[in-house]
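Participant: Structure for this input, please:
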Amino acid sequence: MAVRIVRLGSARAPNEGLRIGTVRRPPRGIPKSEFAEQDWYDVWFPNLAPSPETLKFAHQARTPADWRAFFNRYRAEMSAPDSQHAIELLAALSHTTDFSVGCYCEDEAHCHRSILRTLLAKHGAKIAG
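Facilitator: Take a look at the predicted model:
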């Protein structure tokens with residue numbers, strides 16, 4: 001049992017389990033009924049996505065300093081009690097079931113999911129490959 005950190009829209013790994021979209025907005029131009037079928041996500045969970053303001057900041061990031069600022073903003077958002085509870089819940093679930101969380105970004109190094117991976121691990125999540 002473990003949590004995988006994935007790029008939404010990518011092919012699912014064997015035994016990946018439920019795919020959770022930690023994104024601000026659903027995929028454009030895809031009917032909701034096809035989200036899971038097209039490997040986007042099974043459940044939308046925007047609670048762990050960057051806020052609209054932080055997401056806008058990320059879309060404008062160009063330099064390493066910009067990316068550090070984005071990651072610091074996202075970490076600050078994830079320190080809120082509701083976000084901490086969600087992260088703790090997912091960390092606990094990773095020991096009893098397979099599931100994945102993800103985002104659309106091509107490069108995980110420039111995506112909130114890299115920080116989410118770190119936060120989940122910090123809270124004791126079992127992280128797959």
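
Participant: for the helix ranked longest in the chain, packing partners?
Facilitator: Ranked by residue count and defined by DSSP state H, the top helix of the chain is helix 64-78. Counting contacts by 3 or more C-beta pairs under 8 Å, 6 or more residues apart in numbering; DSSP states H and E, helix 64-78 is packed against helix 52-60, helix 81-93, helix 112-122. Bear in mind the C-beta positions are built from the backbone N, C-alpha and C, glycine included.

Participant: quick one, which of these is nearest to Leu8?
Facilitator: Comparison of those against Leu8 by C-beta to C-beta identifies helix 112-122 as nearest, at 9.3 Å.

Participant: starting at the chain centroid, how far to the closest one?
Facilitator: 8 Å (C-alpha atoms, centre = their mean, to the nearest Å).

Participant: Could you do stretch 31-41 as well?
Facilitator: 16 Å.

Participant: start to end distance for it?
Facilitator: 12 Å (C-alpha to C-alpha, to the nearest Å).

Participant: Can you mark which positions in that stretch are buried?
Facilitator: Using 16 or more other C-beta atoms under 10 Å as the test for burial, stretch 31-41 gives 35, 39-41.

Participant: got it, and stretch 101-117?
Facilitator: Buried-residue list, stretch 101-117, by 16+ other C-beta under 10 Å: 101-105, 108, 111-117.

Participant: lowest-confidence helix or strand of the protein?
Facilitator: helix 52-60 (a mean of 94; mean pLDDT, DSSP states H and E).

Participant: That one - contacts with which helices or strands?
Facilitator: helix 64-78.

Participant: OK, contacts around Pro26?
Facilitator: Residues in contact with Pro26, defined by C-beta atoms under 8 Å, 6 or more residues apart in numbering, are 32, 35, 40, 44.

Participant: hmm, try it at 10 Å
Facilitator: 32, 35, 40-41, 44, 46 (C-beta atoms under 10 Å, 6 or more residues apart in numbering).

Participant: where's it relative to His110, distance?
Facilitator: 21 Å (C-beta to C-beta, to the nearest Å).

Participant: what do you get for Leu8?
Facilitator: Distance from Leu8 to His110, by C-beta to C-beta: 15 Å.
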